[in-house]
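Enquirer: take a look and give me a structure for this.
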Amino acid sequence: ADTKPDLTTTENGLILPSLNVNYKLLLEDYDRKLAAAKPELLRKYNLPAGIDRRTLEYVYQRDKEDSVCEGCDDWTACPKYETGKHFQNVIRAEDGRIEFCMKHCDPFLKYLQSKNANFNSAKIPGQYLGKTFTDYEITPENAKAAALAKAMISGSKNNIFIFGVPGTGKTFLAALTAAELAKQGKKILFSDVPGLLKDLKKTFSDGTKSEGELIDEICEVQILFLDDLGAEQVSGWSIERLFIILNSRINEGLPTVITSNFDIPSLERRYTLNNPKDGDTAIRAAQIADRINSFAVVRISGVSRRV
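Expert: Numbers count the residues shown, from 1 in each chain. Next up is the predicted model:
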């Protein structure tokens, strides 16, 4: 017999079961399906043979609900996303007790693990983790820089150079931007320039990787944040490494965000005056300045907000 309910449309457009539906047939059909599913449910969830009907029905419904998860490897396409938030049912039977709970599905867990690994590799300073743009006060002095940062989060691939006196929020803005991009799954590296150069020097002695390998990683990361350019101890060696990194990334079209207490002419003078007799260094300093001049350059004005 046909067990599908007959439907009728009322005058106001509501679709309702018609009065001649045989609900007895529907219940009998449900009972048959439940009975047919019982052996597999007992085996699948290690349920006791004497399970009561109410609990069996609950297991049956949860099992049907999760059937859409079979073979799924993309949590963003989950048909349960709007209501279930990519959760799966967990049914455990032990010592005659049956427990029900929920867990994140495997594809979503892999996404979370990837995101956490992404944050760890990004090296965003711990003091900024958990902060969002709601924690950043936008003022007339920093509005242009904030707009550039938000454009990058939205997909802009512009290089950005943010400068201003210490304490005006340059690092905070850069770190917030890096964190938001890391949440999107972008491969990020955030480093202050003195620390970056220190890591390069460490390769001379620690033996884990060569200087060239580390430079390649820095050059190839999806988005690089260089904080406090100009605060490093200046030498011909440091200037050469910075030029290699900047030049490579510009040639490859990979976005770089730089913060500094110096404007571009001041940076060039700092690099040149520290090596006044080294003509090659002066050329490299001019080349670095030239490369940064191709960035979106923005100043955050004002006085230090640090207490």
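Enquirer: all strands for the protein, in order.
Expert: 7-9, 15-17, 87-94, 97-104, 160-163, 188-192, 223-229, 256-260, 296-299 (DSSP state E).
Enquirer: closest one to Glu70 among those strands?
Expert: strand 87-94 (10.6 Å; Cβ to Cβ). All C-beta atoms are positioned from the backbone trio N, CA, C, and that covers glycine.
Enquirer: partner strands of the closest one, parallel or antiparallel?
Expert: Sheet pairing here is set by DSSP bridges, and for strand 87-94 it gives strand 97-104 (antiparallel).
Enquirer: what's the average pLDDT for the partner strand?
Expert: Strand 97-104 shows a mean pLDDT of 79.
Enquirer: pull out the buried residues from that strand.
Expert: The neighbour-count check on strand 97-104 (16 or more other Cβ atoms under 10 Å) flags Ile98 as buried.
Enquirer: give me the contact list for it.
Expert: 45, 47, 51, 55, 58-59, 62, 86-93, 112 (Cβ atoms under 8 Å, 6 or more residues apart in numbering).
Enquirer: again, but for stretch 191-200
Expert: 123, 211, 214-215, 218, 225-233, 238, 241-242.
Enquirer: longest helix in this protein, please.
Expert: Longest helix in the chain, counting residues (DSSP state H): helix 23-45.
Enquirer: contacts only, for Ser121.
Expert: Ser121 sits in contact with Lys187, Ile188, Leu189, where contact means Cβ under 8 Å, 6+ apart.
Enquirer: Ser248 is in contact with Val221, isn't it?
Expert: No - the criterion here is Cβ atoms under 8 Å, and Ser248 misses it with Val221 at 11.0 Å.
Enquirer: settle it for me: which of those two has more neighbours?
Expert: It is Val221, of Ser248 and Val221, that has more neighbours when counted by other Cβ atoms under 10 Å, with 20 against 15.
Enquirer: where does that one land on pLDDT?
Expert: Per the predicted model, pLDDT is 95 at Val221.
Enquirer: report how many residues lie close to the nearest residue to it once chain neighbours are set aside.
Expert: Closest residue to Val221 apart from its sequence neighbours, by Cβ to Cβ, 6 or more residues apart in numbering: Leu189 at 4.4 Å. A count of neighbours around Leu189, defined by other Cβ under 10 Å, yields 19.
Enquirer: still on that earlier bit, now tabulate the strands of the chain in JSON lines and tack on distance to Ile153.
Expert: As requested, the strands of the chain are arranged in JSON lines below (distance: least, Cβ to Cβ, whole Å):
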{"stretch": "strand 7-9", "distance to Ile153": "48"}
{"stretch": "strand 15-17", "distance to Ile153": "45"}
{"stretch": "strand 87-94", "distance to Ile153": "28"}
{"stretch": "strand 97-104", "distance to Ile153": "25"}
{"stretch": "strand 160-163", "distance to Ile153": "12"}
{"stretch": "strand 188-192", "distance to Ile153": "12"}
{"stretch": "strand 223-229", "distance to Ile153": "10"}
{"stretch": "strand 256-260", "distance to Ile153": "11"}
{"stretch": "strand 296-299", "distance to Ile153": "14"}
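Enquirer: compare those strands and give me the one nearest Thr132.
Expert: Per Cβ to Cβ, nearest to Thr132 of these: strand 188-192, 16.0 Å.
Enquirer: re earlier: which of the contacts of strand 97-104 are buried? Put it as a PyMOL command.
Expert: Typed into PyMOL, the line below selects the buried ones among the contacts of strand 97-104, using 16+ other Cβ under 10 Å:
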select buried, resi 45+47+51+58+59+62+86+87+88+89+91+93
